[in-house]
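# Compute the structure for the input listed below.
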Amino acid sequence: MTSFTLHDKNSAPEASKPLLDNSQKAFGMLPNLHAVMAEAPGLLEGYQVLHDLFLNSSFDADEKTVVWQTINVEHACHYCVPAHTGIAKSMKVSDDITNALRDETPLPNAKLEALRDFTLAMVRQRGELNAQQTQNFYDAGYSQQNVLEIILGLSQKVMSNYTNHVAQTPVDEAFAPFAWEKK
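Okay, the predicted model is just below:
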């Protein structure tokens, strides 16, 4: 398999250079995922836009982490699970939540577990959920808006997880302590 280039501002296509600046400002570093995505400026821009939109969704930090990590773990993304472990720490998400997501063990409360169950069903069933699955989600305190926001988060994660699978993106040094493999 051909290695994918980890671009920086010197090697990136011209249209990706301001996007790499955005990444540097947002994360205080240039994540390897973004360095790979820079090869296709539209992909990097789309990913950044979806990331910002999902950050501004109605979900709180714990819920965003549940959606992101549920998808990352289900997709067995060697890069995104450690990266979102570090991001969760920066968002002050408890280690109990993070570890339960990484280890696929029960979450600390029923509402977050309902969010994980629904997110998993969305991934596994490609949005073809039955009425009972949707009602269980609503009964846990979630809304139609939340259903659609999960689709937003899933769209973002498909972009990153698939890129990482294809490119075998190396995990950044900052996230290396959170290395992970699917059990």
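# which helices and strands sit right next to the strand or helix carrying residue 49?
Using DSSP states H and E, residue 49 sits in helix 41-55. If you count contacts as 3 or more C-beta pairs under 8 Å, 6 or more residues apart in numbering; DSSP states H and E, helix 41-55 packs onto helix 17-27, helix 32-37, helix 61-74, helix 144-167. Bear in mind the C-beta positions are built from the backbone N, C-alpha and C, glycine included.
# quick one: the residue nearest in space to the middle of the chain and residue 83, what's the gap?
The chain has residue 68 as the residue nearest its centroid, 3.9 Å off, counting by C-alpha atoms, centre = their mean. Separation of residue 68 from residue 83 (C-beta to C-beta, to the nearest Å): 9 Å.
# Tell me which residues of the helix holding residue 49 come out buried.
Within helix 41-55, the residues scored as buried using 16 or more other C-beta atoms under 10 Å are 41, 43-45, 47-48, 50-51, 54.
# do the same with stretch 56-68
By neighbour count on 16+ other C-beta under 10 Å, the buried set for stretch 56-68 is 57, 59, 61-68.
# who's in contact with that stretch?
Stretch 56-68 is contacted by residues 54-55, 80, 84, 87-88, 91-94, 97-98, 101, 107, 112, 115-116, 119, 145-146, 149-150, 152-154, 157 when judged by C-beta atoms under 8 Å, 6 or more residues apart in numbering.
# Quick one: mean pLDDT for it?
Here stretch 56-68 scores 98 as its mean pLDDT.
# can you check stretch 129-149 too?
Stretch 129-149 comes out at a mean pLDDT of 98.
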